[in-house]
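Fold the following, please.
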Amino acid sequence: MKYTLNTGESNPGMPGFAGNTNQKLPVVNWLADLPETQLESDLVEVQFKNTRKSYFLNCNKLMLNKGEKVVVEAAHGQDLGEVTLTGRLVLLQIKKNNVNMEKYIVRRLYRKARQMDIEKYEEAKKREHSTMIQARKIAEDLKLDMKIGDVEYQGDGSKAIFYYIADGRVDFRELRKVLAEFFHVRIEMKQIGARQEAGRIGGIGPCGRELCCATWVNNFVSVSTNAARIQDISTNPLKLAGQCAKIKCCINYEVPVYADATADFPSKDFVLQTLDSDFYHIKTDVFKQTMTYSTSPNSNANLTTVPVERVKDIIALNKQGKKVDSLLENEPKAKKEHGFYNVVGQDNLERYDNVRRDNRQQRKQHYRR
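Residues are numbered from 1 along each chain as shown. Below is the predicted model of the structure:
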């Protein structure tokens, strides 16, 4: 597999301006046409493989543009990444991501990448896939309950980061020794969750767009089935699960809006009582401000859609011990419209015989005339 480096320059006519690239977690340098903003901070945001980003100090005051390859300081040795933001936008990005700079270890940005640095970087990247496959076999031989999902080599090839998924804590001390002896590099093990793995791999969601975790989401929060219930979404696990086998992150997006919209809605557990029968809640339409009820709690029999205000009135009367005639204030009776009978909601099978009988009588009257 051949790896190519993306320069990130989507508009060569304007240096430093670049929109969304083919990388994950893309950003837009929308202050690129204001050169003075690039000098407001010496911090530079640099992106490495997939979704890994870090902030570095431009101690040499280099003029950097978005998409340029740079060599930066690493914990051991040097790494190579791509500039994604400079100047004022870096400060805004730090604030947005809630990064505590007092505890953050800011390393130095050395220089722009040379051809020799890029060749060494490409050579290290070519070994990543084979390293991951071999590491999986070694972990399986050691009978470790873990899955190695990705491998990332440092820019100078002296270190490899192994990203793995595990349900609990894993004692990988023996694994690190075996991997170090086999690949002759410094080994770092980093545990990630299923959502983070999906973000690193990427893909297309059921909505037809790229996965949110691979494009803009960098802070993963837990998603529960209660979020689906608030929005009246089916709790079928097959429909709620994303490509990471967890509940989709997008289920959380509109929960506050739905919770605020349904704050004045009556309880779904209340059974509406009429003179004919009791009605049980089936579903709620937040946009139309209506609630649908059925005469059976386990089936959609005699469905009736009632406005929310009418439901509140019925509940108030039921609490006083009164039963209403019908759920609707002015419930229309079955009548003939345009040559057809409105028989929706009727359970009596004899209604078809009544329709035929009325049709025969009408034909007789017609011929008599």
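
how about the helix or strand that contains R176: buried residues?
In the assignment (DSSP states H and E), R176 maps to helix 173-183. Across helix 173-183, burial judged by 16 or more other Cβ atoms under 10 Å covers 175, 178-179, 183. In this view, the C-beta of every residue, glycine as well, is placed from N, C-alpha and C.

Which element is encountered next along the chain beyond it?
Next along the chain after helix 173-183, taking DSSP H and E as the criterion, comes strand 186-191.

Tabulate the CA atom coordinates of the helix or strand following that next one in CSV.
Proceeding N to C from strand 186-191, the next assigned helix or strand is helix 194-201, under DSSP H and E. The C-alpha trace of helix 194-201 is given here as CSV (Å, rounded to 0.1, in the frame of the first residue of the first chain):
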residue,chain,number,x,y,z
ALA,A,194,-14.8,1.5,20.6
ARG,A,195,-15.9,5.0,19.6
GLN,A,196,-12.3,6.2,19.3
GLU,A,197,-11.4,3.1,17.2
ALA,A,198,-14.2,4.0,14.8
GLY,A,199,-12.9,7.5,14.6
ARG,A,200,-9.4,6.3,13.7
ILE,A,201,-10.6,3.9,11.1
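
helices and strands around helix 194-201, which ones?
In terms of contacts (3 or more Cβ pairs under 8 Å, 6 or more residues apart in numbering; DSSP states H and E), helix 194-201 is packed against strand 147-153, strand 159-165, helix 212-215.

got the ones you listed as CSV, with mean neighbour count, mean pLDDT and distance to Y258 columns?
Formatted as CSV, the helices and strands packed on helix 194-201 follow (neighbours: other Cβ atoms under 10 Å; pLDDT from 0 to 100; distance: least, Cβ to Cβ, whole Å):
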stretch, mean neighbour count, mean pLDDT, distance to Y258
strand 147-153, 21, 91, 34
strand 159-165, 21, 93, 32
helix 212-215, 21, 86, 19
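
want to try JSON lines for those, with distance to A198 as columns?
Formatted as JSON lines, the helices and strands packed on helix 194-201 follow (distance: least, Cβ to Cβ, whole Å):
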{"stretch": "strand 147-153", "distance to A198": "10"}
{"stretch": "strand 159-165", "distance to A198": "11"}
{"stretch": "helix 212-215", "distance to A198": "5"}
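
ok, P307 touching T292?
No: counting by Cβ atoms under 8 Å, P307 does not reach T292; the two are 11.1 Å apart.

residue ranges of the helices in the stretch 1-150 of the chain, please?
Shown for the stretch 1-150 of the chain, the helices assigned by DSSP state H, counting those that start in this stretch span residues 88-96, 115-126, 128-141.

same deal with the stretch 251-369 of the chain?
255-261, 308-319, 351-368.

Can you pull the poorly scored residue ranges out of this protein?
For the chain, the stretches with pLDDT under 70 are 1-23, 330-369.

Quick test: name the residue nearest the centre of it.
For the chain, the residue nearest the mean C-alpha position is C249 (3.1 Å; Cα atoms, centre = their mean).

can you pull the contacts of that one?
Listed by Cβ atoms under 8 Å, 6 or more residues apart in numbering, the contact set of C249 reads 195, 212-213, 217, 220-221, 223, 242.

separation between M291 and D264?
Distance of M291 to D264, given as Cβ to Cβ, to the nearest Å: 12 Å.

List the buried residues of stretch 182-201.
Going by neighbour count (16+ other Cβ under 10 Å), the buried part of stretch 182-201 is 183, 185-187, 189, 192, 194-201.

Go through the helices of the stretch 1-150 of the chain and name the closest to K61.
Among the helices of the stretch 1-150 of the chain, helix 88-96 comes nearest to K61, with 14.9 Å by Cβ to Cβ.

any idea how far the closest one is from the chain center?
Computed by Cα atoms, centre = their mean, to the nearest Å, the chain-centroid distance of helix 88-96 equals 23 Å.

Tell me which residues are up against that helix.
Residues outside helix 88-96 that contact it (Cβ under 8 Å, 6+ apart) are 27, 29-31, 37-38, 40-41, 43-45, 55, 85, 101.

go again using 6 Å as the cut-off
31, 37, 40-41, 43, 45, 85 (Cβ atoms under 6 Å, 6 or more residues apart in numbering).

Going by neighbour count, which of those residues are buried?
When those are checked for burial by 16+ other Cβ under 10 Å, the buried set is 31, 41, 43, 45, 85.

could I get the residues you listed as CSV with distance to V255?
Shown next, in CSV, are those (distance: Cβ to Cβ, whole Å):
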residue, distance to V255
L31, 33
S41, 35
L43, 34
E45, 30
L85, 30
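
So Q273 sits against G321, correct?
No: counting by Cβ atoms under 6 Å, Q273 stays clear of G321, with 9.5 Å between them.

Among these two, which residue is more densely surrounded?
Q273 (17 against 7; other Cβ atoms under 10 Å).

For S326, find the nearest of the helices and strands packed on helix 194-201.
helix 212-215 (46.1 Å).

Next secondary structure after that closest one?
Downstream of helix 212-215, the next assigned helix or strand under DSSP H and E is helix 225-230.
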